[in-house]
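Asker: Just the structure for this:
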Amino acid sequence: MRVDIWSDVVCPWCYVGKRRFEAALARFPHRDEVEVHWHSFELDPRAPRTRDGDRLEHIATKYRVSRAEAEVMEGRVTAAAADAGLEFHLDRVRGGNSFDAHRLLHLAADHGREVADRLKDRFLRAYFTEGQPIGDPATLARLAVEVGLPAAEVDDVLAGDRYAAAVRADERTAQAYGATGVPFFVIDETYGLSGAQPPEVFANVLDRAWSETHAEPHPTGSTPAAPADACADGACPV
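Answerer: Predicted coordinates:
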């Protein structure tokens, strides 16, 4: 079974969604036969390499809410993160452009899915827990080497435009799927889920997708239990 996930390393719900999906996958009986592939999605492709100024004012302006409402939003996601076992320090967040981080994630994927997952997790923790500047090349290089990527390859990526086309291709695919936000999950190229769904939702969709791809053929004239265009648990055919 293949699971494709589009997310951004500066998206708090993407970090929460990653942990919730991992919780569901840990309980999935066929977890050893699941391949997880990470894909690029930039929430703000025009963001500067580093963003200065008041963080809450930026959020309030972006989402057209008051500063007080922005604080409530941050409180909600911080609580959800804690429930998923994550420690958020959003007051430390140092915003910036995530394009180079995505390029390094493609480099990591070329070294194996496990390496890509480690780097994804490291970038998220660096940004949301440690307050490290995700748009800073030196920071990115240090984090990438920390999870095992060769320093020379990391430097080569950051010095040029390697994997830029791969990032853009990921984003075009997300657009083709109709994804307007992240995290966005596609299970076996069949079911799409948007948002940081509860673990039980992910578990239900994994079970359903597995049963459909490994089910015995229906006898001639029989009818499947649900129509092909049915949606349940927040998942719809894509």
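Asker: Now do the same contact list for residue 203.
Answerer: Residues in contact with residue 203, defined by CB atoms under 8 Å, 6 or more residues apart in numbering, are 24, 27, 28. In this view, the C-beta of every residue, glycine as well, is placed from N, C-alpha and C.
Asker: Can you say which of those residues are buried?
Answerer: Neighbour-count burial within the contacts of residue 203 applies to 24, 28; the criterion is 16 or more other CB atoms under 10 Å.
Asker: Export the contacts of residue 203 as TSV, with columns for distance to residue 64 and secondary structure.
Answerer: Compiled in TSV, the contacts of residue 203 are given as follows (distance: CB to CB, whole Å; DSSP: H, G, I helix; E, B strand; the rest coil):
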residue	distance to residue 64	secondary structure
24	33	helix
27	39	helix
28	39	coil
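Asker: From the contacts of residue 203, pick the one nearest residue 138.
Answerer: Among the contacts of residue 203, residue 24 lies closest to residue 138 (CB to CB), at 36.0 Å.
Asker: what about the strands in the chain?
Answerer: Read by DSSP state E, the chain holds these strands, from start to end of the chain: 2-7, 35-40, 184-187, 191-194, 235-237.
Asker: what would the ones you listed look like in TSV with mean pLDDT and mean neighbour count?
Answerer: Conversion of the strands of the chain to TSV gives the following (pLDDT from 0 to 100; neighbours: other CB atoms under 10 Å):
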stretch	mean pLDDT	mean neighbour count
strand 2-7	98	21
strand 35-40	98	19
strand 184-187	97	24
strand 191-194	94	21
strand 235-237	44	17
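Asker: Give me the nearest residue to residue 90, chain neighbours excluded.
Answerer: When the adjacent residues along the chain are set aside, residue 90 lies closest to residue 74, with 5.1 Å between them (CB to CB, 6 or more residues apart in numbering).
Asker: pLDDT score assigned to that neighbour?
Answerer: pLDDT for residue 74: 94.
Asker: cool, the one 10 residues further on as well?
Answerer: We note a pLDDT of 97 for residue 84 in this prediction.
Asker: Also residue 233?
Answerer: Listed pLDDT for residue 233 reads 45.
Asker: now swap in residue 29 and tell me
Answerer: Each residue has a pLDDT score; the one for residue 29 is 97.
Asker: can you give me the helices for this structure?
Answerer: Residue ranges of the helices in the chain, as given by DSSP state H, are 12-27, 55-63, 67-83, 99-110, 113-128, 137-146, 151-159, 164-177, 199-214.
Asker: so who does the residue nearest to residue 90 touch?
Answerer: The contact partners of residue 74, by CB under 8 Å, 6+ apart, come to 56, 59, 90.
Asker: In contact with the first one, which residues?
Answerer: Residue 56 is in contact with 67, 70, 71, 74, counting by CB under 8 Å, 6+ apart.
Asker: With the second one instead?
Answerer: By CB under 8 Å, 6+ apart, the residues touching residue 59 are 65, 70, 73, 74.
Asker: quick one: the second one from residue 124, how far?
Answerer: Just to be clear, that refers to residue 70. Computed with CB to CB, to the nearest Å, the distance linking residue 70 and residue 124 is 21 Å.
Asker: Who has more neighbours out of those two?
Answerer: Per other CB atoms under 10 Å, whichever of residue 70 and residue 124 has more neighbours is residue 124, with 24 against 19.
Asker: That one and residue 19 touch, don't they?
Answerer: No: contact between residue 124 and residue 19 fails when scored by CB atoms under 8 Å: they sit 9.5 Å apart.
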